[in-house]
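*Asks:* Kindly generate the corresponding structure for this input.
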Amino acid sequence: MMEAQPKDETNLNLLERKQLEQVEPEIRAYKSRWIVLTIFIVYAAVNSYQWVEYSIINNIVMKYYNVSAVTVEWTSIIYMALYAPLVIPASYVLDKKGLRVAGLIGGLGTTLGTAIKVFSTGRDSFWLVLLGQGIVAASQLLILCLPPRIAAVWFKPNEVSTACSLGVFGTQLGCALGFVLSPIIVQNHESVEEIGSDLKVLCWILTAVMIPGGLAVIFYFPLQPPKPPSITQVQERSRTEKFSTKSFFVSIMDLCTNIPFVIHVIAYGINIGVFSAIGTLLNPIVLQYFSDSPNAEEFIGRAGLVMIVIGMVGSITFGIILDKTHKFKETTFFTYLMSSVSVVAFMFALEMKSKILVYISIGTVGLFTNAYMPVGFEMAMELTYPSSEGTTTGLLMAPSQVLGVIFALLMSYLTDLIGPFWSLGTQALLLAIGTVITCFVPNKLKRQEAFKQRLNEDVPLKVIER
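*Replies:* Prediction:
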């Protein structure tokens, strides 16, 4: 009997230890999270570059392929047009299969679509341009949904907003490079043969950059870290293990009946739709004011670059502000209001035909419309917690893509009918309406409440950096 006592105590200690582990799981933040985020930023940038690859040199592409302006605009619009019908399947893949499968489809799809366009430089091969753009645009669906998921799955609670902003930074970086590099690489030559050579160089450069990115996704883009970085991810993993198609569609119905989220979706859709329309039509709008200026295409590209680069700074800055202050509603409203004001400033800068004022005003447009992107993401996560980040992001982005198509086509029509000043005025009005709608979004920070509840528990949670 004396010998049995230590054994019983040992068994009891083991049982207690297991119970403690179940109550208090090990939380770790791995340094490799920055590698995963960097890989995503690279291929997200190549994907988003192609959104404006042709539209920013609209007049040159029209000349080379002998197609209409609207046809060239569809190389950009197709990004938005494919989103609505494919968003639910993309969200399903992300929720059911996780980051690795979503990353593979997004990365390898972007690689394939980019490579196809290498063969599209014949003057009768514009259909290959549209095919490649279609594949890249379809791949974008899984890319746009990933920043909040990567941030939540890999990063500590006090890093989530910053990590999400850095993920969105990849998309914005690609847009910035697209605005500035395409007009530099593809010049408006008198000879169409020289234009064709420039287009071939552009397509090969993008393919050469994307192939290593695709390989990096194959060999180093895990499903998730071995240990979760937060208690919310412990709970998320439990839900993922019980994933079913029925639960997925139930979660969609829950989101669609979440009134605060629905209000935010409408406001978000207007803002991003306006930004997409302006980015798509930047060339024809600005060209009407500066067509006599030498190297007008390069000036327009630099203006687009200023818009996106300052926007990237704004995205990261406001992401850090959110992590520090948790003032989600206030930050969302402020960035939205200033988006509307900045478009009005851009309108008058164009009327004055001042390049300096155009740079300044388009910079403010970028600062606030780009900053609103990650801020809007994070606000949506707060309103819908504990719903899946992928599904939430997919539903958040869907109306913005549909509205982007509508606004771009409307702006194109109004620019021809009443001029670019008033067509931009309609976009400023839409942003003003969106600002008012944002006032009605309740300030319900469900995710922050969950973090606070955890911090108020008896046993403090320690996050291990590894």
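*Asks:* In what element of secondary structure is the closest residue to residue 360 other than its chain neighbours found?
*Replies:* Distances taken as C-beta to C-beta, 6 or more residues apart in numbering place residue 349 nearest to residue 360, at 7.1 Å, with adjacent residues excluded. Every residue, glycine included, has its C-beta placed from N, CA and C. Under the criterion of DSSP states H and E, residue 349 resides in helix 328-351.
*Asks:* Pull out the buried positions in that helix.
*Replies:* 328-329, 331-347, 349-350 (16 or more other C-beta atoms under 10 Å).
*Asks:* average pLDDT for it?
*Replies:* Averaged across helix 328-351, the pLDDT comes to 90.
*Asks:* Distance from that helix to the middle of the chain?
*Replies:* 19 Å (C-alpha atoms, centre = their mean, to the nearest Å).
*Asks:* now do stretch 192-205
*Replies:* Remark: stretch 192-205 is offset 28 Å from the chain centroid, using C-alpha atoms, centre = their mean.
*Asks:* same question, stretch 202-211
*Replies:* 21 Å.
*Asks:* cool, and stretch 157-173?
*Replies:* Averaging C-alpha positions (C-alpha atoms, centre = their mean) puts stretch 157-173 9 Å from its chain's average.
*Asks:* For that stretch, output the C-alpha coordinates as PDB.
*Replies:* Coordinates of each C-alpha in stretch 157-173 appear next as PDB, following Å, rounded to 0.1, in the frame of the first residue of the first chain:
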ATOM      1  CA  PRO A 157      -3.900  40.500 -30.200                       C
ATOM      2  CA  ASN A 158      -2.000  43.800 -29.900                       C
ATOM      3  CA  GLU A 159      -0.500  43.300 -33.400                       C
ATOM      4  CA  VAL A 160      -3.700  42.300 -35.300                       C
ATOM      5  CA  SER A 161      -4.700  45.700 -36.700                       C
ATOM      6  CA  THR A 162      -1.100  46.500 -37.700                       C
ATOM      7  CA  ALA A 163      -0.600  43.100 -39.400                       C
ATOM      8  CA  CYS A 164      -3.900  43.500 -41.300                       C
ATOM      9  CA  SER A 165      -2.800  47.000 -42.400                       C
ATOM     10  CA  LEU A 166       0.500  45.500 -43.600                       C
ATOM     11  CA  GLY A 167      -1.400  42.800 -45.500                       C
ATOM     12  CA  VAL A 168      -3.500  45.500 -47.200                       C
ATOM     13  CA  PHE A 169      -0.200  47.300 -47.800                       C
ATOM     14  CA  GLY A 170       0.700  44.600 -50.300                       C
ATOM     15  CA  THR A 171      -2.300  45.200 -52.400                       C
ATOM     16  CA  GLN A 172      -1.700  49.000 -52.300                       C
ATOM     17  CA  LEU A 173       2.000  48.500 -53.100                       C
END
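*Asks:* buried sites along it?
*Replies:* For stretch 157-173, by 16+ other C-beta under 10 Å, it's 157, 159-173.
*Asks:* Out of those, name the ones that lie in helices.
*Replies:* Among the buried residues of stretch 157-173, the residues falling in helices (DSSP state H) are 160-173.
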